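*Asks:* Return atomic coordinates for the entry below.
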Amino acid sequence: MKPLSLILILVLSGGVLLGEDASSWRKDGEPVADAPNMKSVNGFGAQLFLTENAKFFEDWSKPETPKLTPLKTAHRNVPIFTAILFADPGLDAEGSADVTCDIIVRRPDGSIYGEQKDVIGWKGKYLVPAHNLQLTQGRMGIRIEPQDPSGTFTVEVIVRDHIKKVKLSLKEIFEVPQ
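*Replies:* This is a model prediction of the structure:
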């Protein structure tokens, strides 16, 4: 799969952005339906992608547009990372945001492979302009070991905006070949 470019307020999936009315994601000015990995409620939006590219997280804070190659097939013993992006969190009277994420990885049989609770999305002063994407401060790393089963693994993320009292449930899958 080719790398995708991020452009300031554009979201990875083909130029989709949180609309000016902040009620939905938009592409070419038209509303885009929520997807399992991309949702918005009450003006708060979040997206989930999986990547093997650890450099993406370093590149996020650089002036150049970072590249993200979404992962669909995992390689054993190669780390996979959750890339969780969000836009327009609620702010308290001091201009601070409070966003957290719960992440669960499920094996093909549905059992829990790994789990992290209260991963920091953003805590504290939030200076990102409206409708611009922000990468969560925390993430989860996943490594498929040689003895792990083949099949479809599922990553489920609950993104909570504690100020707006919004909860978004996102999901992405990846395949582990034999």
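
*Asks:* Any idea how far apart the tips of stretch 155-173 sit?
*Replies:* For stretch 155-173, the separation between the terminal residues is 6 Å (CA to CA, to the nearest Å).

*Asks:* what does that stretch rub up against?
*Replies:* Contact partners of stretch 155-173, identified using CB atoms under 8 Å, 6 or more residues apart in numbering, comprise 36-50, 72, 82, 84, 86, 89-92, 97-106, 121, 142, 152-154, 174. Quick note: C-beta positions are derived from backbone N, CA and C, even for glycine.

*Asks:* Going through the residues you listed, which ones are buried?
*Replies:* Buried by 16 or more other CB atoms under 10 Å: 37-41, 43-50, 82, 84, 86, 89-90, 97-106, 121, 142, 153-154, 174, out of the contacts of stretch 155-173.

*Asks:* Show the subsequent helix or strand relative to the lengthiest strand in the chain.
*Replies:* Longest among the strand segments of the chain by residue count, using DSSP state E, is strand 112-125. Secondary structure here is assigned by DSSP states H and E; on that basis, the next helix or strand after strand 112-125 toward the C-terminus is strand 133-135.

*Asks:* Tell me the first helix or strand C-terminal of that next one.
*Replies:* The first helix or strand that comes after strand 133-135 along the chain, using DSSP H and E, is strand 141-142.

*Asks:* That next one: partners in the sheet, and parallel or antiparallel?
*Replies:* Next to strand 141-142 in the sheet, as set by DSSP bridges, lie strand 80-87 (antiparallel).

*Asks:* Quick check: neighbours of the helix or strand containing Thr152 in the sheet, parallel or antiparallel?
*Replies:* With the criterion set as DSSP H and E, the secondary-structure element containing Thr152 is strand 151-161. For strand 151-161, the pairing partners within the sheet under DSSP bridges are strand 96-106 (antiparallel), strand 166-176 (antiparallel).

*Asks:* I'd like those as a markdown table, with distance to Leu68 and mean pLDDT appended.
*Replies:* A markdown table is the format used below for the strands paired with strand 151-161 (distance: least, CB to CB, whole Å; pLDDT from 0 to 100):
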| stretch | distance to Leu68 | mean pLDDT |
| --- | --- | --- |
| strand 96-106 | 17 | 98 |
| strand 166-176 | 13 | 98 |
